[in-house]
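A.B. asks: based on what follows, work out the 3D shape:
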Amino acid sequence: FRPEFEHIPLIQSFQAIDGIFGEYSSKLLSNNNFQNPRAGPNDDSAHPPITPCKAVDPQSIRDNNQRSVYTLVVKHYLA
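C.D. replies: The predicted structure is shown next:
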């Protein structure tokens, strides 16, 4: 991630989602559990890591494939 990427507002937006995303986001932001991702020694400047653009309840995504991809992206980001 670029140093100027603001993780906290994005993670905070997931707190409003019912279920695992909201629960995990709340735990992540409590008691200073969140740590900025480590910066690697190299930057190929190709593109930033894939991240969710906004918090959406996965149950509101009707297409199963789209819901699966979104869930995968969010889980990977929050991990």
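
A.B. asks: the longest helix in the chain is where?
C.D. replies: If you go by DSSP state H, the chain has its longest helix at helix 64-78.

A.B. asks: buried ones in that one?
C.D. replies: By 16 or more other CB atoms under 10 Å, the buried positions in helix 64-78 come out as 70, 74, 77-78. C-beta: built from backbone N, CA, C; applies to glycine.

A.B. asks: make TSV out of the residues you listed and add distance to Leu29 and pLDDT.
C.D. replies: TSV is the format used below for the buried residues of helix 64-78 (distance: CB to CB, whole Å; pLDDT from 0 to 100):
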residue	distance to Leu29	pLDDT
Tyr70	21	96
Val74	15	96
Tyr77	14	92
Leu78	11	92
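
A.B. asks: quick check, nearest of those residues to Ala55?
C.D. replies: Using CB to CB, Val74 comes nearest to Ala55 of those, at 8.2 Å.

A.B. asks: the helices in this structure, which residues?
C.D. replies: 7-14, 20-29, 64-78.

A.B. asks: grab the CA positions of the shortest one and hand them over as CSV.
C.D. replies: Only the C-alpha atoms of helix 7-14 are listed here, as CSV (Å, rounded to 0.1, in the frame of the first residue of the first chain):
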residue,chain,number,x,y,z
HIS,A,7,-7.1,2.4,6.1
ILE,A,8,-8.9,3.5,9.2
PRO,A,9,-11.9,5.2,7.4
LEU,A,10,-12.4,2.2,5.2
ILE,A,11,-12.2,-0.2,8.1
GLN,A,12,-14.6,2.0,10.1
SER,A,13,-17.1,1.8,7.3
PHE,A,14,-17.2,-2.0,7.6
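
A.B. asks: that concludes my questions; thank you for your assistance.
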